[in-house]
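Asks: only geometry, no sequence info:
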């Protein structure tokens, strides 16, 4: 319960703080990122996302019992040093020297006060050997400063650094949970929750940026948490950070090597990062980010699969991955790769589909049917589990109160409140409906249920196809992150809630998310009716959990 609460509260605090901080930054003209030749945005954008993330994490973690840990105290102080330097640079342009010195100071705090040191390299050293302090201390400082800068330098496209770090923190949080490391688990989920709130505003086209405050905090947090997780008494391989954080590290090393070879300053800005090169190949902004998300997913999945394997295997895997990435980019550069869009199918069917769309016949039928079918399907799912856990019922009371409060007092917030409720409610409900479904003496019932989910997909796709709105549902890289987490969520829970078909739960989660996204895109700000249709499902969970039915 503490883990879920940390994620939800940090998400909510981040989501609520960002509009306030944005208004202050714009009104006072401070912390604005102005466009230049190296950047892809064309208007000044506030760099306050990192401040919101920092406040969210401190507010959630420090009041808890984990602040008694020496590591957490060191982390809080060291992170504050990094945050202060980043904030100074965002507001006044402090320069890389100030940030670099702050990163070294933060790393030394973690080494000497937090006792964080890279002593163990596993099978890379002879059996039982540990690195002495005169090697471990500088190696740890280099690792912390290097990764902090790597994530900072990767923050070049909307949602890029935030999405990479979200995947990293989800991976670290789950590995820490499996390992019984409560401190790393809580810090990781708090950071992940705050990033979800941030990405709501940072997905392309972004309304705000992380700033150096946020990117440095994320990089510093990722490396220190991963080292604390893998350098203690744990069966996890000490080389896992290489996979979890390997992409931004490879990007930075590649760019630095190129600058050295061209005899340019190491910290001179340019457009040679992987994300810039992907856009140079003709990929749009969002698709370049999506490709990097896919690569990061492969790395964190690899970290999970190889968590107990030999260090030589992990090192070889990372070396092969790095070689493949570098060869792919080299081939693209030398071959003058240029992605082009081919719309043959759309051209063949454009005229008849345009006619149907203009007449509006199909959209009226598909949209109205979907508007009724989706909440009905969700309500039906609340009746399927044999029993409802008390914790789920209690949290549902909070979600129910949130929707009612938004509907009564602040209808303008209804869309955000509905998404805030649906993101956790749907996955938990779908896992329960599959893992502990009632025994129904009919072979047709599962088939009928599956057909209903198929019908929702068909209705949602047809609604998208025939809508006349130009600003309805649009897939974004953040949707890919949600899709990935929805896919893995049932499989992760299957380790603790035995059930035979986690893939079924994953598919149903994705279908419901897709359906709701389409409806919300069509309704835009008029989502009160959709919220009202969702309230009975929450009420049923509350009733069943409290009544023991």
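Replies: Received, thanks. Everything numeric here is computed off the predicted structure, so don't read it as measured data.

Asks: need the next SSE after the host helix or strand of residue 54, C-terminal direction.
Replies: Residue 54 is part of helix 49-61, with elements assigned from DSSP states H and E. Going down the chain from helix 49-61, the next helix or strand is helix 70-92, by DSSP H and E.

Asks: Give the other helices and strands that the helix or strand just after that following helix contacts.
Replies: Sequence-wise, the next helix or strand downstream of helix 70-92 (DSSP H and E) is helix 96-112. Applying 3 or more Cβ pairs under 8 Å, 6 or more residues apart in numbering; DSSP states H and E, one finds that helix 96-112 contacts helix 70-92, helix 133-154, helix 211-230. For every residue, glycine as well, the C-beta is placed using N, CA and C.

Asks: Could you pull out the buried residues of the last one?
Replies: Pointing back at helix 211-230 there. 211-230 (16 or more other Cβ atoms under 10 Å).

Asks: if we can go back for a sec, indicate which one of the helices and strands packed on helix 96-112 is closest to residue 254.
Replies: helix 133-154 (10.7 Å; Cβ to Cβ).

Asks: Can you mark which positions in the helix or strand where residue 520 lies are buried?
Replies: Assigned by DSSP H and E, residue 520 belongs to helix 502-523. By 16+ other Cβ under 10 Å, the buried positions in helix 502-523 come out as 502, 504-523.

Asks: Then stretch 413-421?
Replies: Within stretch 413-421, the residues scored as buried using 16+ other Cβ under 10 Å are 414, 415, 416, 417, 418, 419, 420, 421.

Asks: Ok, stretch 13-31 next?
Replies: By neighbour count on 16+ other Cβ under 10 Å, the buried set for stretch 13-31 is 13, 14, 15, 17, 18, 21, 22, 25, 26, 31.

Asks: relative to helix 70-92, how tilted is the helix holding residue 54?
Replies: 160 degrees (axes from the mean of the first three to the mean of the last three Cα atoms, to 10 degrees).

Asks: chain center to helix 49-61, what's the gap?
Replies: 16 Å (Cα atoms, centre = their mean, to the nearest Å).

Asks: And for stretch 506-522?
Replies: Worked out by Cα atoms, centre = their mean, stretch 506-522 lies 18 Å from the chain centre.

Asks: cool, and stretch 387-407?
Replies: Counting by Cα atoms, centre = their mean, stretch 387-407 comes out at 24 Å from the chain centroid.

Asks: same check, this time on stretch 73-87
Replies: 22 Å.

Asks: Equivalent analysis for stretch 208-218, please.
Replies: 15 Å.

Asks: rewinding a little: in CSV, list the buried residues of stretch 413-421 along with secondary structure and distance to residue 324.
Replies: Conversion of the buried residues of stretch 413-421 to CSV gives the following (DSSP: H, G, I helix; E, B strand; the rest coil; distance: Cβ to Cβ, whole Å):
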residue, secondary structure, distance to residue 324
414, helix, 46
415, helix, 41
416, helix, 40
417, helix, 44
418, helix, 42
419, helix, 37
420, helix, 39
421, helix, 41
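
Asks: As JSON lines, those with distance to residue 291 and pLDDT would be great.
Replies: Listed next are the buried residues of stretch 413-421 as JSON lines, based on distance: Cβ to Cβ, whole Å; pLDDT from 0 to 100:
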{"residue": "414", "distance to residue 291": "34", "pLDDT": "85"}
{"residue": "415", "distance to residue 291": "29", "pLDDT": "84"}
{"residue": "416", "distance to residue 291": "29", "pLDDT": "82"}
{"residue": "417", "distance to residue 291": "33", "pLDDT": "85"}
{"residue": "418", "distance to residue 291": "31", "pLDDT": "88"}
{"residue": "419", "distance to residue 291": "26", "pLDDT": "85"}
{"residue": "420", "distance to residue 291": "29", "pLDDT": "84"}
{"residue": "421", "distance to residue 291": "31", "pLDDT": "88"}
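
Asks: The protein - how does it break down into domains?
Replies: The chain breaks down by automatic domain parsing into domains covering 2-31+38-334, 344-547.

Asks: hey, least reliable of those by pLDDT?
Replies: Lowest mean pLDDT of those: domain 344-547, a mean of 75.

Asks: just checking, residue 508 touches residue 434?
Replies: Yes: between residue 508 and residue 434 there is a contact under Cβ atoms under 8 Å: 7.3 Å.

Asks: Am I right that residue 528 is in contact with residue 410?
Replies: No: assessed by Cβ under 8 Å, residue 528 is found out of contact with residue 410, at 11.4 Å.

Asks: Those two: which is more packed in?
Replies: Taking other Cβ atoms under 10 Å, residue 528 and residue 410 do not tie; residue 528 has more neighbours (16 against 11).

Asks: Might you report the residue contacts of that one?
Replies: Residues near residue 528 by Cβ atoms under 8 Å, 6 or more residues apart in numbering: 407, 411, 414.

Asks: from memory the first one sits against residue 529, does it?
Replies: No: taking Cβ under 8 Å as the contact criterion, residue 407 and residue 529 are not neighbours in contact, 10.4 Å apart.

Asks: Spatially, what comes nearest to residue 153 if we skip its sequence neighbours?
Replies: Leaving aside its sequence neighbours, residue 153 sits nearest to residue 252 (Cβ to Cβ, 6 or more residues apart in numbering; 5.3 Å).
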